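# Quick one: sequence plus predicted model below, questions after.
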Amino acid sequence: MKLYGTRGSDISHFQCQMLQSIIKNIWIPMKPYYTQVYQEIWIGMGLMGFIIYKIRAADKRSKALKASAPAPGHH
Amino acid sequence: MNENLFASFIAPTILGLPAAVLIILLPPLLIPTSKYLINNRLIATQQWLIQLTSKQMMTMHNAKGRTWSLMLMSLIIFIATTNLLGLLPHSFTPTTQLSMNLAMAIPLWAGAVTSGFRSKTKNALAHLLPQGTPTPLIPMLVIIETISLLIQPMALAVRLTANITAGHLLMHLIGSATLAMSTTNLPSALIIFTVLILLTMLEIAVALIQAYVFTLLVSLYLHENT
């Protein structure tokens, strides 16, 4: 019985198989780690993402500032 | 000469796409997993090494700390294999990039500290003041200890970056010095080549030691907080 791939909007057969394989081989064995043990590490990764965002925003701001007001003496 | 010296540290791209992702994914391919109890010699040797390292590193932790064994073992294996592969000529070492080492250090340090504050708040705060401090010094010492706590991830990342980068740079310099001297003064070129061989042996040791130091410090931060 073909449960997927019968309509145009469904994802393909191979992508379903890949997702099932990922769930079976990675998510199910690692579920207690990802959900309980590494909770604080996810918080740390959020902190790291925040730092990256701040650095990129500051870099963009300084580049925009330099581009809009070029210093005299540039040739 | 300056351009050439630091060219090996530029993150490689293939047609504009970062190849560093592929390079970082290479070391796990060298450590095969197996679903069998008794394996071939390669997998058995690797499993024996991993067991040796994990026993040595995780005995000091309690049950909560030992839930991090998988993370710490993956960390030390990744850093050690990446550093050792970087000693091959013309290869790119991801651990020379400060961005990557910060990406490893910040989540792990923040995870250890957050778990300490979450489960044992009083103990975690008590770490900020050493025992036996004279009363007038307490405010200043709390500030100093807080700063030393906040600087731990930066120190972890910069230590690894600086050690590996400096080693690679030194090998590059001494190698080019050997090449330059080989045309003019052969005996001194041989001496410099001996120095290069000794330096390579040192770099192999440094690659393994730095991986161990990184993981040990993370496990120490974890031990204080669990």
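Yep, it's here.
# quick one: contacts for the closest residue to chain B within chain A?
Going by Cβ to the nearest Cβ, chain B is nearest to A:G44 of chain A, at 3.1 Å. Glycine gets a C-beta too; all of them are placed from N, C-alpha and C. Residues near A:G44 by Cβ atoms under 8 Å, 6 or more residues apart in numbering or on different chains: B:I106, B:P107, B:L108, B:W109, B:A110, B:G111, B:T114.
# Quick check: it is in a helix.
Yes. Per DSSP: H, G, I helix; E, B strand; the rest coil, A:G44 lies within a helix segment.
# any idea how far B:I164 is from it?
Separation of A:G44 from B:I164 (Cβ to Cβ, to the nearest Å): 23 Å.
# Up against chain B, what does chain A have?
A:Y33, A:V37, A:Y38, A:E40, A:I41, A:I43, A:G44, A:M45, A:L47, A:M48, A:I51 (Cβ under 8 Å from any Cβ of the partner chain).
# who wins for neighbours among the residues you listed?
Within the residues of chain A next to chain B, A:G44 tops the neighbour count with 23 neighbours, counted by other Cβ atoms under 10 Å in any protein chain shown.
# Report pLDDT for it.
pLDDT recorded at A:G44 is 94.
# same check, this time on B:H223
Note on B:H223: pLDDT of 85.
# now do B:N2
Note on B:N2: pLDDT of 65.
# now A:H74
Here, the pLDDT recorded for A:H74 equals 57.
# Repeat that for A:G8.
54.
# helices or strands next to the longest helix along chain B in the packing?
The longest helix of chain B (DSSP state H) is helix B:186-225. Under the contact criterion of 3 or more Cβ pairs under 8 Å, 6 or more residues apart in numbering or on different chains; DSSP states H and E, helix B:186-225 touches helix B:41-58, helix B:63-66, helix B:69-85, helix B:98-119, helix B:152-184.
# For A:I26, find the nearest of these.
The minimum distance between A:I26 and the helices and strands packed on helix B:186-225 falls on helix B:69-85, with 13.0 Å, by Cβ to Cβ.
# separation between the closest residue to B:Q97 other than its chain neighbours and chain A?
Leaving aside its sequence neighbours, B:Q97 sits nearest to B:A11 (Cβ to Cβ, 6 or more residues apart in numbering or on different chains; 6.5 Å). Using Cβ to the nearest Cβ, to the nearest Å, B:A11 is found at 16 Å from chain A.
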